[in-house]
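Asks: Sharing a sequence plus its predicted fold:
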Amino acid sequence: MDLTDRKAHFEFGANWRDYVKTVDRARIDSAIAGLRKLFPEGLAGKTFLDIGCGSGLHSLAALLLDAAAVVATDIDENSVAATRELLEKYVPNEKWEVKVVSVFDASPDSLGTFDVVYSWGVLHHTGEMWRAIEKAATFVRPTGQFALAIYAKTPLDFAWKFEKRIYSSSPASMQRVMRLSFIAVLMAAKAARGRNPMALFRVPLSRGMSLSHDVHDWLGGYPYETATANDLNSRISALGFTQLRSFRIPDSVGLFGSGCHEFVFTKCLCPVSTVGTT
């Protein structure tokens, strides 16, 4: 099956519809802090495209940071429903749209171009990560910003790809067993390092997430691709962008999974011909 086919994808949306029930002020504040880290100059007055909006939490955060307008897109109907539910609850009178559309099917003619294009932890699940990144970049206006987070490459990528394929095709009861087993292993690893294993359950986690939803998202995230930070920088720079800031994670074996490299680029007025890495 073509991995870009909707039927080949893990059902993230059901997870996010459940997650929005847990969203409170603390989670919203954590999401706002995540955007402020990426955009210290702020989002006031800027148009914002959220590709792969998931729960809609970061579309909400952008609006609360005074973005002029937000368009949130996702391939999953449940994610779109979750986003619409969250935005209607917290910012019913703000300027926003939520659409069911794949990054591969959308175009600047249909969606427009934006001051900020944001896609956190999404494009590596599309089945064709590099093509998805190139497509997402087309929605950025000249001098606009492109922010994305992509899983870091590890030696155990092959094992996690296999695990995700199994998890995403398993019944709910088996998925629950796998989640509980993974959380137990994480707790044991913390205890072995002399740390409090209950710290895993502190709420909210980074970016307003919760442990159970985050683990479900990680274990089931299929299709799954990764990249090195240098590859991300060089290939996106070759599209006519300049890196503004990055938050790179250290190299690891990937025994307990992989985190995301985060980048923010700005679109040059003229395409660059020289590709460099930092």
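Replies: Noted; the coordinates are in hand. Numbering: from 1, shown residues only.
Asks: how near is Thr47 to Ser170?
Replies: Distance check for Thr47 against Ser170: by CB to CB, to the nearest Å, it reads 40 Å. (Each C-beta comes from the backbone N, C-alpha and C, glycine too.)
Asks: The two: who's more crowded?
Replies: Neighbour tally, Thr47 and Ser170, criterion other CB atoms under 10 Å: the higher count belongs to Thr47, 20 against 15.
Asks: wait, doesn't that one sit right on Leu63?
Replies: No. In terms of CB atoms under 8 Å, Thr47 does not count as a neighbour of Leu63; the distance is 11.4 Å.
Asks: what residues are shared contacts of those two?
Replies: Where contact means CB atoms under 8 Å, 6 or more residues apart in numbering, the residues bridging Thr47 and Leu63 through contact with each are Val70.
Asks: can you map out the strands along the stretch 1-150 of the chain?
Replies: Listed from the start of the chain, the stretch 1-150 of the chain has strands (DSSP state E, counting those that start in this stretch) covering 47-51, 69-74, 96-100, 114-120, 140-151.
Asks: now the first one: mean pLDDT?
Replies: Strand 47-51 carries an average pLDDT of 98.
Asks: Next, the residues that contact that strand from outside, please.
Replies: Contacting residues not belonging to strand 47-51 are listed as 56, 58-59, 62, 67-73, 103, 111-112, 114-119, 122-123, 136, 139 [CB under 8 Å, 6+ apart].
Asks: residues of the longest helix along the chain that come out buried?
Replies: The helix of greatest length in the chain, counted in residues with DSSP state H as the criterion, is given as helix 172-192. Taking 16 or more other CB atoms under 10 Å as the basis for neighbour counts, the residues of helix 172-192 that come out buried are Gln175, Met178, Arg179, Phe182, Ile183, Leu186, Met187.
Asks: Quick check, the third one in contact with Ser212.
Replies: Just to be clear, that refers to Arg179. Yes. Here Arg179 lies in contact with Ser212, judged by CB under 8 Å, at a distance of 7.0 Å.
Asks: quick one: furthest residue from the center of the protein?
Replies: Taking CA atoms, centre = their mean as the measure, the residue most remote from the mean C-alpha position of the chain is Gly194, 31.2 Å away.
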